[in-house]
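**Q** below are the sequence and a predicted model; questions follow.
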Amino acid sequence: MIAPHPASQPRQFLEYLYGVAVMRALPLHNTAAYLPPPPRGRTLVLGAGKAAGAMAQAVEAFWPQDAPLTGLVVTRYHHIPARPPGLKQRIEVVEAAHPVPDAAGLAAAQRIVALTQGLGEDDLVLCLISGGGSALLTLPAEGLALADKQRINQALLNSGANIAEMNCVRKHLSRIKGGRLAQACFPARVVTLAISDVPGDDPSVIASGPTVPDATSGADALSILKRYRIEIPGPVADLLLSGALETPKPGDPAFARTQVHLIATPQQSLDAAADAARAAGVAAYILSDEMEGESREVGRVHAALARAVAVKGQPFQRPCVILSGGETTVTVRPVAPGEPRGRGGRAGEFCLGLAQALQGQAKVYALAADTDGIDGVEDNAGAWVEPTTLSRARAAGMKIDDYLERNDAYAYFAALGDLVTTGPTFTNVNDFRAVLVL
């Protein structure tokens with residue numbers, strides 16, 4: 001594919017870079033090299049995440065057709081890709097809710113644990129893990145009901161907690177995450193293929209690490225819940241503090257026959273986008289694949305850098321594209337009784353903060369989108385910012401401060417026709433941000 005001209009087609013150029021980043025992370029392009037040979041016993045495929053359906057299809061495509069293969073994975077609603085003609089389905093794929101778990105996710109987790117019964121040393125378990133698995137693979141700990149997990153999960157999402165904090169809590173309130181799935185599979189060999197959606201690519205954080213050791217503690221989880229003022233039933237708090245809900249730690253015999261491969265990462269996708277920009281004659285600079293913090297504040301930092309490049313020609317020379325990844329957060333502000341809550345996700349809120357700080361800076365264009373194609377729970381992947389964003393909004397009677405106050409990025413950019421909508425991409429290497437300075 002030929003890249004659109006960045007000067008005459010800045011929006012299309014940034015969308016092209018986003019497409020390159022997503023393409024680099026697709027399971028079909030990254031799975032074959034990491035598949036082990038078939039075992040003497042049976043091969044069971046288990047998994048969870050937004051990419052689980054596409055990962056299952058990739059395994060089916062590359063696994064020897066004469067070798068037995070069965071299993072079950074759970075993915076987000078509407079995240080099962082179309083099946084290629086002639087590809088036989090050998091792995092069952094079911095759907096459940098994300099980011100707040102539902103009964104379908106609970107049923108899938110129960111079935112996955114049940115499938116591990118009777119595994120032996122000659123058997124192989126392929127675990128397909130990707131972002132979103134924490135919500136999709138839900139099996140509440142002792143003393144918790146699904147309704148408790150739903151409430152706690154929603155509170156964590158609204159709190160501004162980072163992904164490592166959220167998943168520390170999720171691991172300790174679960175009977176399948178935090179290495180417990182590997183315990184259930186023992187003594188079978190467990191090979192995990194993971195697509196990273198977390199800063200630092202820590203396998204114990206990706207989907208709350210169901211097949212890897214957990215170095216955090218129940219006391220850590222309780223501290224996080226207290227920090228964000230999230231209530232849990234008293235008996236469960238006592239269990240966390242006592243260690244009764246502790247996860248298996250490094251050195252546990254359950255992990256003696258486990259192996260993890262990261263088949264796609266945020267850095268790889270950013271590198272691919274940077275290479276594509278340079279091939280089109282535009283200098284590319286990757287700030288980091290591990291950016292965290294409040295989305296709007298990260299947007300303002302990007303705006304300050306872009307303005308310095310546009311006005312002073314430093315620290316980079318124009319034209320250039322500034323790329324970053326990671327996982328920012330949104331602290332959802334309370335609304336007055338009777339007022340509708342705003343809509344939008346991390347990418348949209350980043351764009352609000354960016355546009356507000358850019359103040360219509362000439363020759364600066366930006367796109368921010370989630371690589372899974374869904375920004376939060378909406379139908380868009382992200383949004384687009386250009387020099388006319390604020391002026392067009394003001395002409396329509398829209399004040400950006402009002403939309404930031406109620407976390408309403410979706411409505412702001414929808415009214416301007418500046419949502420980026422792709423539909424599910426069937427992969428997930430987290431946030432993608434590109435700021436083009438011409």
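**A** It's in.
**Q** what about the helices in the stretch 251-400 of the chain?
**A** 266-279, 295-312, 346-358, 389-395, 400-405 (DSSP state H, counting those that start in this stretch).
**Q** can you redo those helices as a markdown table with mean neighbour count, distance to residue 43 and mean pLDDT?
**A** All C-beta spots, glycine's among them, are computed from the backbone N, C-alpha and C. A markdown table is the format used below for the helices of the stretch 251-400 of the chain (neighbours: other Cβ atoms under 10 Å; distance: least, Cβ to Cβ, whole Å; pLDDT from 0 to 100):
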| stretch | mean neighbour count | distance to residue 43 | mean pLDDT |
| --- | --- | --- | --- |
| helix 266-279 | 20 | 27 | 98 |
| helix 295-312 | 20 | 41 | 98 |
| helix 346-358 | 28 | 37 | 98 |
| helix 389-395 | 16 | 51 | 98 |
| helix 400-405 | 15 | 50 | 95 |
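**Q** so which of those helices is nearest residue 26?
**A** Nearest to residue 26, of all these, is helix 266-279, at 10.1 Å by Cβ to Cβ.
**Q** just put the helices of the stretch 251-400 of the chain in a markdown table and tack on distance to residue 320.
**A** As requested, the helices of the stretch 251-400 of the chain are exported to a markdown table (distance: least, Cβ to Cβ, whole Å):
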| stretch | distance to residue 320 |
| --- | --- |
| helix 266-279 | 8 |
| helix 295-312 | 7 |
| helix 346-358 | 16 |
| helix 389-395 | 20 |
| helix 400-405 | 26 |
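**Q** between those helices, which gets nearest to residue 418?
**A** helix 389-395 (6.9 Å).
**Q** starting at the chain centroid, how far to the closest one?
**A** 31 Å (Cα atoms, centre = their mean, to the nearest Å).
**Q** which elements pack onto that helix?
**A** helix 346-358, helix 409-416 (3 or more Cβ pairs under 8 Å, 6 or more residues apart in numbering; DSSP states H and E).
**Q** buried residues of the helix or strand bottoming out on mean pLDDT in the chain, list them for me.
**A** Using mean pLDDT, DSSP states H and E, the weakest-scoring helix or strand in the chain turns out to be helix 234-242, at a mean of 91. Across helix 234-242, burial judged by 16 or more other Cβ atoms under 10 Å covers 236, 237, 239, 240.
**Q** and of the residues you listed, the nearest to residue 183?
**A** residue 239 (18.0 Å).
**Q** show me where the stretch 151-300 of the chain has its strands.
**A** 189-195, 258-264, 283-286 (DSSP state E, counting those that start in this stretch).
**Q** still on that earlier bit, could you dump the helices and strands packed on helix 389-395 to JSON lines with distance to residue 197?
**A** Below are these laid out as JSON lines (distance: least, Cβ to Cβ, whole Å):
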{"stretch": "helix 346-358", "distance to residue 197": "12"}
{"stretch": "helix 409-416", "distance to residue 197": "20"}
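**Q** which one of the ones you listed lies nearest to residue 214?
**A** Closest among these, using Cβ to Cβ: helix 346-358, at 25.3 Å.
**Q** please name every helix or strand in contact with the closest one.
**A** helix 295-312, strand 364-370, strand 382-385, helix 389-395, helix 400-405, helix 409-416, strand 431-437.
**Q** how far does it sit from the chain's center?
**A** Counting by Cα atoms, centre = their mean, helix 346-358 comes out at 19 Å from the chain centroid.
**Q** wait, what's in contact with residue 296?
**A** 330, 349, 350, 352, 353, 356, 404 (Cβ atoms under 8 Å, 6 or more residues apart in numbering).
**Q** how about a cut-off of 10 Å?
**A** Counting by Cβ atoms under 10 Å, 6 or more residues apart in numbering, residue 296 touches 328, 330-331, 346, 349-354, 356-357, 404, 407, 409.
**Q** now swap in residue 53 and tell me
**A** 27, 47, 73-76, 79-81, 83, 91, 93-95, 128, 130, 424, 426.
**Q** give the PyMOL command for selecting the buried subset of those residues.
**A** PyMOL command restricting the contacts of residue 53 to the buried ones, with burial defined by 16+ other Cβ under 10 Å:
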select buried, resi 27+47+73+74+75+76+79+80+81+91+93+94+95+128+130+424+426
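**Q** give me the subset of the contacts of residue 53 that lies in strands.
**A** Among the contacts of residue 53, the members falling in strands (DSSP state E) are 47, 73, 74, 75, 76, 93, 94, 95, 128, 130.
**Q** distance of the fifth one from residue 14?
**A** Just to be clear, that refers to residue 76. 26 Å (Cβ to Cβ, to the nearest Å).
**Q** picking up where we left off before, make JSON lines from the buried residues of helix 234-242 and add distance to residue 209 to it.
**A** Listed next are those as JSON lines, based on distance: Cβ to Cβ, whole Å:
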{"residue": "236", "distance to residue 209": "21"}
{"residue": "237", "distance to residue 209": "23"}
{"residue": "239", "distance to residue 209": "20"}
{"residue": "240", "distance to residue 209": "18"}
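**Q** circling back to that earlier point, nearest to residue 244, out of the helices of the stretch 251-400 of the chain?
**A** helix 346-358 (34.7 Å).
**Q** alpha carbons of the closest one, as CSV, please.
**A** Backbone C-alpha positions of helix 346-358 (Å, rounded to 0.1, in the frame of the first residue of the first chain) are rendered in CSV as follows:
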residue,chain,number,x,y,z
ARG,A,346,-8.8,7.1,26.8
ALA,A,347,-8.0,8.1,23.2
GLY,A,348,-10.8,10.6,23.0
GLU,A,349,-9.9,12.2,26.3
PHE,A,350,-6.3,12.4,25.1
CYS,A,351,-7.5,14.2,22.0
LEU,A,352,-9.5,16.7,24.1
GLY,A,353,-6.5,17.5,26.2
LEU,A,354,-4.3,17.8,23.2
ALA,A,355,-6.7,20.1,21.3
GLN,A,356,-7.3,22.3,24.3
ALA,A,357,-3.5,22.8,24.7
LEU,A,358,-2.7,23.2,21.0
